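Student: Requesting a structural model of the entry that follows:
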Amino acid sequence: MRLTHAAILGTLLLGSASATVNGFRTWYPEYSTVFTTLLAEQCSTEYDAWAGGNHAIPPNLNGTATAGEAVVQCLIASTSEFMKTNMASAAVLLGIMPFALSVLGSSSEESALLYVISRRPLLTTLLLAGGPVLTALRPFEFKDPVDILRAREGRFYSLRIGPPWVILLLEYGVALAAVANVVHVTYQLGVGVITMILPDSSYLPGLWAATGIVVHAVGALCLKSRLRLATSTNAPILKSEFTLSKHKNITVETIPETKLFLVLSWLTSTATTFHVIFGTLAFSSMLFISVRDAFGVIGRYTASVTACRVILMYEMSGLRSSVESIHDMPSSDDGVDPVDGIKKARVFTFSP
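Tutor: Below you'll find the model as predicted:
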């Protein structure tokens, strides 16, 4: 999973770096002709200075301190009030997108179940990259793993939609398509818009997507610190990866909360909140995109997030239908056996 994480994170960040090099050259369709003409006729001096690599310039009376800021200032001053209002509305739409997608996406607790209990790291990583959004969590309230599975008990279980190999092909095919869509739309944002926070750089969209994957990984470590898989049921990771969750046969023991769990739980919950804030700040500061084009960006992100959510919920329903029994070891409310004073673990059995 580490190699997969590194490859996807590297793709997002390298795409963002490439977008920075190609800034002010590609625009979103609706205003592309306008901005291309302005750069050639009215802002050529500022653009030539930026393209020549002389990004640091003496501060001007209009407040610009870099060549990128000077280009942005010239373009804004040369556009009509209608276009400015349209771009401001587009920034509002893009700014609320991270929060809206966090409602549609999967939580770090759910993705951790697929990684830790179902042991499908490749699929989990693809789903996180295809839906790099986070649901805000309350500090120190990381849910019990079985409670997550039991929360929807009786409402939906895995459907029989074909042989396992067909379902696997569908899962990985849809997940890869979602990842490709996110990488492409993120790269297009880096190339086609300028952020007011860093007008000389365009890596903020890629950084937002990459940090979402990292936070999900920390959430998986948090859950792993509370679980212990029975070694007798641990199948080879490659076999486990390509086995549907509803066909698993796993025994899991939960252990009492540790200091590591509390630290990782607080870090995960705090990071989810800041990830939404960071996304709102980055996307709401975008310029040179119209409302119509912004709807296209939001639609593409939504499609990827929804597709990955469907796959994850299908796998969660498979785990839910595999729960055969839950064994609670005799212990008091604080986890200490009243007879010998030894902390006991709860044992959960997952089987087809």
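
Student: ok, which stretches of the stretch 1-150 of the chain are strands?
Tutor: Counting by DSSP state E, counting those that start in this stretch, the stretch 1-150 of the chain has no strands at all.

Student: So what does the most centrally placed residue in the chain look like in phi/psi?
Tutor: With distances taken as C-alpha atoms, centre = their mean, the residue of the chain nearest its centroid is P132 (1.3 Å). Dihedral pair for P132: phi -80, psi 50, per degrees, to the nearest 10.

Student: Now do the contacts for it.
Tutor: V182, W208, A209, A210, G212, I213 (C-beta atoms under 8 Å, 6 or more residues apart in numbering). C-beta here means a position set from N, CA and C on the backbone, and glycine is covered the same way.

Student: The first one against L128, yeah?
Tutor: No. At 10.3 Å, V182 and L128 do not qualify as touching, with contact defined as C-beta atoms under 8 Å.

Student: returning to that earlier point: export the contacts of P132 to TSV and append columns for pLDDT, neighbour count and distance to T26.
Tutor: Below are the contacts of P132 laid out as TSV (pLDDT from 0 to 100; neighbours: other C-beta atoms under 10 Å; distance: C-beta to C-beta, whole Å):
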residue	pLDDT	neighbour count	distance to T26
V182	94	26	19
W208	91	24	20
A209	88	29	19
A210	88	21	22
G212	87	29	25
I213	86	20	26
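
Student: So which of those belong to helices?
Tutor: Applying DSSP state H to the contacts of P132, the entries found in helices are V182, W208, A209, A210, G212, I213.

Student: isn't the last one right next to A129, touching?
Tutor: Yes. Here I213 reaches A129: they are 5.8 Å apart, a contact under C-beta under 8 Å.

Student: Export the contacts of P132 as CSV, with columns for distance to I277.
Tutor: Putting the contacts of P132 into CSV (distance: C-beta to C-beta, whole Å) gives the following:
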residue, distance to I277
V182, 20
W208, 11
A209, 15
A210, 16
G212, 13
I213, 17
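
Student: part of a helix, is H275?
Tutor: Yes. With DSSP: H, G, I helix; E, B strand; the rest coil as the criterion, H275 is part of a helix.

Student: what's it in contact with, if anything?
Tutor: Going by C-beta under 8 Å, 6+ apart, H275 touches P98, L134, W208, T211, G212, V215.

Student: Distance check, the spatially closest residue to it that is not a sequence neighbour against A217.
Tutor: Spatial nearest neighbour of H275, excluding adjacent residues (C-beta to C-beta, 6 or more residues apart in numbering): L134 at 4.8 Å. For L134, the distance to A217 (C-beta to C-beta, to the nearest Å) stands at 12 Å.

Student: Mind checking which of those two has more residues around it?
Tutor: Remark: of L134 and A217, L134 carries more neighbours, 30 against 22, as counted by other C-beta atoms under 10 Å.

Student: A91: neighbour count?
Tutor: The number of residues packed near A91 is 20, by other C-beta under 10 Å.

Student: Name the nearest residue to the residue nearest to the centre of the chain, sequence neighbours excluded.
Tutor: G212 (3.5 Å).

Student: got a list of what the one you found touches?
Tutor: By C-beta under 8 Å, 6+ apart, G212 lies in contact with L128, P132, V133, L134, H275.

Student: With Y172 instead?
Tutor: So Y172 contacts L123, L126 (C-beta under 8 Å, 6+ apart).

Student: Also the one 10 residues further on?
Tutor: Under the criterion of C-beta under 8 Å, 6+ apart, the contact list for V182 reads A129, G130, G131, P132, A209, Y301, S304.

Student: And it, how far from S118?
Tutor: As judged by C-beta to C-beta, V182 and S118 stand 23 Å apart.
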